[in-house]
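Undergrad: Please work out how this folds:
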Amino acid sequence: MPDVEFETFDVRALRDMDVPLSATDRRDIAAGLRKLLRDYYVHLPQKVGSMAINPDRELELLADDAPLFQNNLQFFDRLISVFAKLRDRHTTLRLPAPFNRMVAFLPLVLESCWENGRRKLLVARLTGEIPDERFVQGVEVTHWNGTPVAQFINRYSWTTQGSNPYARIAMAQRSLTLRPLAFASLPEEDWVTLSYVDFNGDNRHVSFPWKIVFAPQQGGGVGSRMLSGDALDPLTATQIGLDEGTEVINFGLKTIFSGKRSGRVIQARAERPAALMSEPLDGSDTVTGLISASILTLEDGRQYGYLRIFSFSVPNTRAFSEGMAGILGQMPPDGLIIDVRGNPGGTIPAGEALLHLITDKAIEPTQNVFRATQATRRMSERIDFFQRWSRSLDMVYETGQTFSQGFELSDPADYAGLEGSYRGPLAVIMDALSYSTTDYFVAGFQDNSLGEIIGTDPTTGAGGANVWSQSQISGFAADAGMEPIPPLPHQMDCRVAVRRALRAGVNRGLPLEGLGATANHVHFTTRRDILGVNEDLMMTVVNRLREQS
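TA: Coordinates of the predicted model:
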């Protein structure tokens, strides 16, 4: 079991910490965020109606309350609560330095499985020194600080930005023991006492202090840097769909919990085809760890391709498509499994290009629309990237429409000549943490009837939008001759969903936001899935593929 290889300190060291903001700063922050949501947030009408909230009024009142806060951490907690009510993992507030690089964690990961019709929470991973030798991988955790853990997760889930019950619970469970403080308040407790049942059947208790670690790079991953537009061409920088918080958690899991699980895939051998070539970002960093590809061989000799896609955060969609086509060409004809569980998204055209690579059918693309505001109308008139939307936005007073006409973000040049690189039976594995660009991919897979969708949750995370950073929006406002939005202090930032995704096929016109794509079949995760390498999940998927052939 690996030890943590970086400096940590207890969360209680932060209790008396504050960020130097004046009452005027607080008022300006609330007013600037209010303008950002009012002028550009594409889901505002949907959220006000479906969530019974009024973020515009809340931020107005928060600006009025600016002089009343005893410290700025209380002010940030209020801001976080306003954004949490949106239930939108795209539209988030990044807190200032030094919190923007801090991750709070406990030295364990908890995952749920089903046994005898009951959901259980098991210890899936551990790191560092554990004060109780019986607290090992596989024991069941029953209580969190004396509260039944299922009840605690449900209550905690309302502080997350999950847009439906499945996403709320998945996000709460994922962030139980690892929380990026760029997007979340400090844990309420200095330490956590867990009650568990050991392998002798005894009820025991163990306590862990919350620790803080600094992420080695801001945002903790490639996608975060892409979202800021670093090292991207200007058009690609406008086509990102990413849940940055989940990306940071994924990065933290990989960094802090670096131990590998034991287990075999379907009691068989796994052969790895050539790896996807890494694509340089800025001359020193490379896109690594995004793809894992293998061939699963069953005892009866049948072979199935397995493609795990951890992220769509690629800076060059054509290079991604060409590399992926090379991998798909090595996959066996019996069937291909594409696993996008926990994938927070990335470059939207990359996710949509993959749809063309796995079939020779014509694909009906997802359409994307702006909310009709004076700001988006002016921007579409004056900036080349967005002029396709200009005509419908100019007609808003004649049509009375809330949204613009819809257009796809993908470019056929991204995949031309690579269509149908794989033509066998297809299955996708998803969960409620599959988000943003991954929502686009799974919804496109479903809308174009490409194969089976097996979920460990009934729906994807339901993030149907293209997200921009505040600095991007401010830059476009300036280019369009409008007043730029002043930057937030101390490296604060805000991400906003600006273009809304509308589905295709039999779901044509339905919003992806809040609904997501649904599974054809739900697999109830087993103990063997969690502590091994998803053997039961893989057999469920293989059986569904056999039904197609």
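Undergrad: who does residue 196 bridge with?
TA: residue 141, residue 204 (DSSP bridges).
Undergrad: Tell me the pLDDT of it.
TA: You'll see residue 196 listed with a pLDDT of 98.
Undergrad: Check residue 4 too.
TA: 46.
Undergrad: Once you drop chain neighbours, what's closest to residue 418?
TA: Distance criterion CB to CB, 6 or more residues apart in numbering; nearest residue to residue 418, sequence neighbours excluded, is residue 325 at 4.4 Å. C-betas here are computed from N, CA, C, even on glycine.
Undergrad: do the same with residue 200
TA: Using CB to CB, 6+ apart, the nearest residue to residue 200 is residue 134, at 7.7 Å.
Undergrad: The one you found: what's it in contact with?
TA: Counting by CB atoms under 8 Å, 6 or more residues apart in numbering, residue 134 touches 198, 199, 200, 202, 204.
Undergrad: switch to 10 Å and redo it
TA: 196, 198, 199, 200, 202, 204, 206 (CB atoms under 10 Å, 6 or more residues apart in numbering).
Undergrad: Next: residue 167.
TA: Taking CB under 10 Å, 6+ apart as the contact definition, residue 167 lies against 87, 89, 157, 160-161, 431-435, 457, 459-463, 514, 516.
Undergrad: in this structure, which helix or strand is least confident?
TA: Sorting the helices and strands of the chain by mean pLDDT, DSSP states H and E puts strand 270-271 at the bottom, at a mean of 40.
Undergrad: Beyond that one, next helix or strand please.
TA: strand 291-297 (DSSP states H and E).
Undergrad: helices or strands next to that following strand in the packing?
TA: strand 270-271, strand 303-309, helix 317-328, strand 336-339, helix 535-548 (3 or more CB pairs under 10 Å, 6 or more residues apart in numbering; DSSP states H and E).
Undergrad: Output those in JSON lines, with distance to residue 392 appended to each entry.
TA: As requested, these are exported to JSON lines (distance: least, CB to CB, whole Å):
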{"stretch": "strand 270-271", "distance to residue 392": "50"}
{"stretch": "strand 303-309", "distance to residue 392": "34"}
{"stretch": "helix 317-328", "distance to residue 392": "26"}
{"stretch": "strand 336-339", "distance to residue 392": "34"}
{"stretch": "helix 535-548", "distance to residue 392": "40"}
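Undergrad: Residue 71: how many residues sit nearby?
TA: Using other CB atoms under 10 Å, residue 71 is surrounded by 12 other residues.
Undergrad: Distance-wise, check the residue lying closest to residue 481 once chain neighbours are set aside relative to residue 57.
TA: Residue nearest to residue 481 in three dimensions, not counting chain neighbours: residue 382, with 6.4 Å by CB to CB, 6+ apart. With distances taken as CB to CB, to the nearest Å, residue 382 is found 31 Å from residue 57.
Undergrad: Residue 305 now?
TA: Counting by CB to CB, the gap from residue 305 to residue 57 is 52 Å.
Undergrad: neighbour-wise, which of those two wins?
TA: For residue 305 versus residue 57, neighbours defined as other CB under 10 Å are more numerous around residue 305 (23 against 11).
Undergrad: Need the pLDDT of the residue nearest to that one when sequence neighbours are not counted.
TA: Nearest non-adjacent residue to residue 305, counting by CB to CB, 6+ apart: residue 331, 3.2 Å away. Looking at residue 331, its pLDDT stands at 95.
Undergrad: check contacts around residue 374.
TA: 39, 393, 396, 482.
Undergrad: Go ahead and confirm the last one touches residue 373.
TA: No - because the distance of 11.3 Å does not satisfy CB atoms under 10 Å, residue 482 is recorded as not touching residue 373.
Undergrad: Now for the two: what residues contact both?
TA: Any residue near both residue 482 and residue 373 by CB under 10 Å, 6+ apart counts here, and that gives 39, 379.
Undergrad: just how off-centre is stretch 502-513 within its chain?
TA: Offset of stretch 502-513 from its chain centre (CA atoms, centre = their mean, to the nearest Å): 20 Å.
Undergrad: CA atoms of stretch 57-71 as CSV?
TA: The C-alpha coordinates for stretch 57-71 follow below in CSV (Å, rounded to 0.1, in the frame of the first residue of the first chain):
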residue,chain,number,x,y,z
ARG,A,57,-32.1,38.0,-7.1
GLU,A,58,-29.8,36.0,-4.8
LEU,A,59,-26.7,37.6,-6.2
GLU,A,60,-28.4,41.0,-6.0
LEU,A,61,-29.1,40.5,-2.3
LEU,A,62,-25.6,39.1,-1.7
ALA,A,63,-24.1,42.3,-3.2
ASP,A,64,-26.3,44.3,-0.8
ASP,A,65,-25.1,42.1,2.1
ALA,A,66,-21.5,42.6,1.2
PRO,A,67,-20.5,44.7,4.3
LEU,A,68,-22.1,42.3,6.7
PHE,A,69,-19.8,39.3,6.5
GLN,A,70,-17.4,38.7,9.4
ASN,A,71,-14.9,37.0,7.1
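Undergrad: got the buried residues for the longest helix seen in the chain?
TA: Scanning the chain for the longest helix, with DSSP state H as the assignment, gives helix 23-40. Neighbour counts using 16 or more other CB atoms under 10 Å place 25-37, 39-40 of helix 23-40 among the buried residues.
Undergrad: Closest one of these to residue 414?
TA: residue 40 (26.3 Å; CB to CB).
Undergrad: Please report how far that closest one lies from residue 469.
TA: 11 Å.
Undergrad: any low-confidence regions in the stretch 151-300 of the chain?
TA: Flagging of the stretch 151-300 of the chain using pLDDT under 70 yields the residue ranges 216-231, 258-289.
Undergrad: which residues of it fall in strands?
TA: 178-180, 191-197, 203-209, 211-214, 240-242, 270-271, 291-297 (DSSP state E, counting those that start in this stretch).
Undergrad: and the third one, what other elements does it pack with?
TA: In terms of contacts (3+ CB pairs under 10 Å, 6+ apart), strand 203-209 is packed against strand 8-10, strand 140-144, strand 191-197.
Undergrad: can you pull the buried residues of that strand?
TA: 206, 208.
Undergrad: Let me see the contact set for the residue nearest to residue 418.
TA: Applying CB under 10 Å, 6+ apart, we find residue 325 in contact with 353, 354, 356, 357, 358, 415, 417, 418, 419, 420, 421, 422.
Undergrad: swap in residue 504?
TA: 363, 364, 365, 366, 367, 408, 443, 444, 446, 447, 448, 510.
Undergrad: shaky segments in the stretch 1-150 of the chain?
TA: Low-confidence segments of the stretch 1-150 of the chain, defined by pLDDT under 70, are located at 1-6.
Undergrad: The same query, at a cut-off of 90, please.
TA: Scanning the stretch 1-150 of the chain for pLDDT under 90 picks out 1-7, 97, 128.
Undergrad: still on that earlier bit, looking at the helices and strands packed on strand 291-297, which is buried most?
TA: Scoring these by mean neighbour count under mean count of other CB atoms under 10 Å gives strand 336-339 as the most buried, with a mean of 24.
Undergrad: Can I get it as PDB, trimmed to CA atoms?
TA: Output in PDB follows, covering the C-alpha atoms of strand 336-339 (Å, rounded to 0.1, in the frame of the first residue of the first chain):
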ATOM      1  CA  LEU A 336     -16.600  -3.400 -29.000                       C
ATOM      2  CA  ILE A 337     -17.200  -2.100 -25.400                       C
ATOM      3  CA  ILE A 338     -16.700   1.600 -24.900                       C
ATOM      4  CA  ASP A 339     -16.500   2.500 -21.200                       C
END
